[in-house]
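Engineer: need a structure here:
(2 chains)
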Protein chains: 2
Amino acid sequence: MDISTVNSLCYEDFVDTFGNVVEKAPLIAAAVWSYRPFANLSDLEAHISDFIDNLPESGKEGVLRCHPDLAGRDLQRGTLTRESQEEQSQAGMASLSPEETTRMHHLNAEYKRRFGFPFVICAKMSDKAGILRQLNERSGNDLTKERECAINEVKKICCLRLRNLVLSDTRNKL
Amino acid sequence: MDISTVNSLCYEDFVDTFGNVVEKAPLIAAAVWSYRPFANLSDLEAHISDFIDNLPESGKEGVLRCHPDLAGRDLQRGTLTRESQEEQSQAGMASLSPEETTRMHHLNAEYKRRFGFPFVICAKMSDKAGILRQLNERSGNDLTKERECAINEVKKICCLRLRNLVLSDTRNKL
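Structural biologist: Sure thing, here's the model as predicted:
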């Protein structure tokens, strides 16, 4: 789909297409439809990013809380969104050893107890070792820094999901 | 569930329970979890209402765009959320005559062309005749007034959905 096709979508089709570029937050796609036409993919991405930045801290935490645990309940039950399933599988989260799974659950639980939201990372830009290292490191952050860090990961995930849906072209430079 | 049980929920269970009190907006339930403990049901309701009020206009339109048409595509396909299915059925939207369905589609399409979001009304507080009358009347509003009117309906829907989930008691007055 190119950007002119994106700009021609009615809100229903736009939300059907982009409703999960931020995990389980069709509200965000539905909101940024108000800003069409988009000059290019980066412009669409910037509107999503701005929308998130303008949420109150509770709203940013809400965005994070709509994300599943890595190697968690939803992966085990098969109830991940299609996008999360693909991303977690690609980062090796679907093929952890029993010991690694136990360690992951323990670290996730610790992180959630500390911050009140799940550990979010752009899994596609990492791998098993990198994820575990980041989870360990970021658990030492204070709440303000970690919320900002996690929201940046949401934006990276969003960027990759968007690029999977919208073609860039030479006229509409990224 | 009483308010002390609500206050004891982890965010996952809170979002599982309240994720659709605003249609398809688990982000909102996930955000207001930050404000627990809630004094009573009204306090929880007020936090949801404040969160919506503090969204930019695009965000309010986003909330509206996550709602299905009345007697529309999702009702016909059986893809309404459980709550919307019950509310639309109770208001007679599932048992329109072919002529009424055609009229409803026509009016919905006109409304959406005018405002860029669907006609939202608290169906449980209305009936077929009332819904058609409101749809006709509100179509004459300007965008600012109609957005406000529609958001008020979202809050009424939310209030009824919440009361279906949380018991009030004499200590925690509504």
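
Engineer: only C-alpha atoms from now on, for both contacts and neighbour counts.
Structural biologist: Will do.

Engineer: what residues does chain A put near chain B?
Structural biologist: A:11-12, A:24-34, A:55, A:58-63, A:65-66, A:116-117 (CA under 8 Å from any CA of the partner chain).

Engineer: helices of chain A, residue ranges please.
Structural biologist: Using DSSP state H, the helices of chain A run over A:3-8, A:11-18, A:26-32, A:41-53, A:57-65, A:73-77, A:82-90, A:98-115, A:128-138, A:143-165.

Engineer: okay if I get the ones you listed as JSON lines plus mean neighbour count and mean pLDDT?
Structural biologist: JSON lines is the format used below for these (neighbours: other CA atoms under 10 Å in any protein chain shown; pLDDT from 0 to 100):
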{"stretch": "helix A:3-8", "mean neighbour count": "16", "mean pLDDT": "97"}
{"stretch": "helix A:11-18", "mean neighbour count": "18", "mean pLDDT": "98"}
{"stretch": "helix A:26-32", "mean neighbour count": "27", "mean pLDDT": "98"}
{"stretch": "helix A:41-53", "mean neighbour count": "18", "mean pLDDT": "98"}
{"stretch": "helix A:57-65", "mean neighbour count": "23", "mean pLDDT": "98"}
{"stretch": "helix A:73-77", "mean neighbour count": "13", "mean pLDDT": "93"}
{"stretch": "helix A:82-90", "mean neighbour count": "17", "mean pLDDT": "95"}
{"stretch": "helix A:98-115", "mean neighbour count": "15", "mean pLDDT": "95"}
{"stretch": "helix A:128-138", "mean neighbour count": "15", "mean pLDDT": "95"}
{"stretch": "helix A:143-165", "mean neighbour count": "17", "mean pLDDT": "97"}
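
Engineer: nearest to residue B:152, of the ones you listed?
Structural biologist: Proximity to residue B:152 (CA to CA) singles out helix A:26-32 among the helices of chain A, at 17.2 Å.

Engineer: so what does that closest one touch, helix or strand wise?
Structural biologist: Secondary-structure packing of helix A:26-32 (3 or more CA pairs under 8 Å, 6 or more residues apart in numbering or on different chains; DSSP states H and E): helix A:11-18, helix A:41-53, helix B:57-65.

Engineer: which among those is found nearest to residue B:143?
Structural biologist: When these are compared by CA to CA, helix B:57-65 sits nearest residue B:143, at 10.5 Å.

Engineer: that older thread, could I get the helices of chain A as JSON lines with distance to residue B:44?
Structural biologist: Listed next are the helices of chain A as JSON lines, based on distance: least, CA to CA, whole Å:
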{"stretch": "helix A:3-8", "distance to residue B:44": "37"}
{"stretch": "helix A:11-18", "distance to residue B:44": "28"}
{"stretch": "helix A:26-32", "distance to residue B:44": "20"}
{"stretch": "helix A:41-53", "distance to residue B:44": "23"}
{"stretch": "helix A:57-65", "distance to residue B:44": "14"}
{"stretch": "helix A:73-77", "distance to residue B:44": "27"}
{"stretch": "helix A:82-90", "distance to residue B:44": "30"}
{"stretch": "helix A:98-115", "distance to residue B:44": "21"}
{"stretch": "helix A:128-138", "distance to residue B:44": "31"}
{"stretch": "helix A:143-165", "distance to residue B:44": "23"}
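
Engineer: out of these, which comes closest to residue B:137?
Structural biologist: Comparing the helices of chain A by CA to CA, helix A:11-18 comes nearest, at 23.3 Å.

Engineer: quick one: that closest one to helix B:98-115, angle?
Structural biologist: Interaxial angle, helix A:11-18 versus helix B:98-115 (axes from the mean of the first three to the mean of the last three CA atoms, to 10 degrees): 80 degrees.

Engineer: just checking the distance from helix A:11-18 to the centre of its chain.
Structural biologist: Its chain's C-alpha centre and that of helix A:11-18 lie 18 Å apart, by CA atoms, centre = their mean, to the nearest Å.
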